[in-house]
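Chemist: Next come a sequence and a model predicted from it.
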Amino acid sequence: MVKVEFLGPIDKAPVEMEASTLADVAAKLKEDQSLVSWLEKCAVALNDTMVNDLNTPLKEGDRISILPPVCGG
Amino acid sequence: MKVGIALQCSYLESIIMELYEGPLDVKEIFGRWLDEEANSNYGAYIPFVGTIRAEDGIEALSFDIYEPALKQWFDAWQERAKARGAVVRMAHAIGDVPVHTSSYVSAVFSPKRRVALELIEAFVEDFKANAPIWKYDVKNGERIYAEDRSTPMDGAGLLLTDGQKSEE
């Protein structure tokens, strides 16, 4: 199982799922209509490091963070 | 002025990213940074202050921070600065920051001015685009995500791609 957490303004509790790659996570999240509008604007971190490849392999206990558009300062 | 309490620090060869609950004590921070680098032989010290403006009826802005990724972002910038003989510093607020107070300060120290002038622009602009921080307007005590001023981070949309990411 991996854990997916939604940061900042995305009003959604973390979810756990079976996934062997980020593509598996993407497929599951796309089933949630409330998330689709967020996903096109969101970047992704794996265990607090930014990732940019859907083929990234996942292992038990990994934590995936969904990062919506940012604005510091 | 209310003095913020440093909640978290990250260290890279003693350079600290500072996060405070509530508005920043700008004079204290800039004065301390100046003192800390007093004998470092930097010829230029260029500070930047971000102040909350009163507009659109807001009482304050409010901030969420994804600290582990912010620390990585900052440490990467520290390495870029170091390669040019410079140092970057920054402090940011967490939670509510009232209008006319500061939520963000940063600075560059460098041996000569050109490097600091160039780095402060690149550092602040990249901060606005890629630092993992979320901003909210506070109106009538309610937090409203500042979506229209927010920028998708580098790599946004990954989960909606078809799995065949380009190599660009």
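Modeler: On my side now, so go ahead.

Chemist: need the contact list for A:Ala43.
Modeler: Contacts of A:Ala43 were listed using C-beta atoms under 8 Å, 6 or more residues apart in numbering or on different chains, and they are A:50, A:67, B:152-156, B:158. The C-beta positions use only the backbone N, C-alpha and C, and glycine is treated the same way.

Chemist: Show me what it bridges to in the sheet.
Modeler: According to DSSP bridges, the partner residues bridging A:Ala43 are A:Leu67.

Chemist: So for it, what's the pLDDT?
Modeler: The model reports A:Ala43 with a pLDDT of 96.

Chemist: ok, now how distant is it from A:Leu67?
Modeler: Computed as C-beta to C-beta, to the nearest Å, the A:Ala43 to A:Leu67 distance reads 5 Å.

Chemist: what sits in contact with each of those two?
Modeler: The contact lists of A:Ala43 and A:Leu67 share B:153, B:156, where a contact means C-beta under 8 Å, 6+ apart.

Chemist: Disregarding flanking residues, what is the spatial nearest neighbour of A:Ala26?
Modeler: Using C-beta to C-beta, 6 or more residues apart in numbering or on different chains and skipping the chain neighbours, the partner closest in space to A:Ala26 is B:Leu159 (4.0 Å).

Chemist: sorry, that was for A:Pro9
Modeler: B:Tyr145 (3.8 Å).

Chemist: thought that neighbour was touching A:Leu7?
Modeler: No - using C-beta atoms under 8 Å, B:Tyr145 is not in contact with A:Leu7, being 11.8 Å away.

Chemist: Thanks again, I'm all set now.
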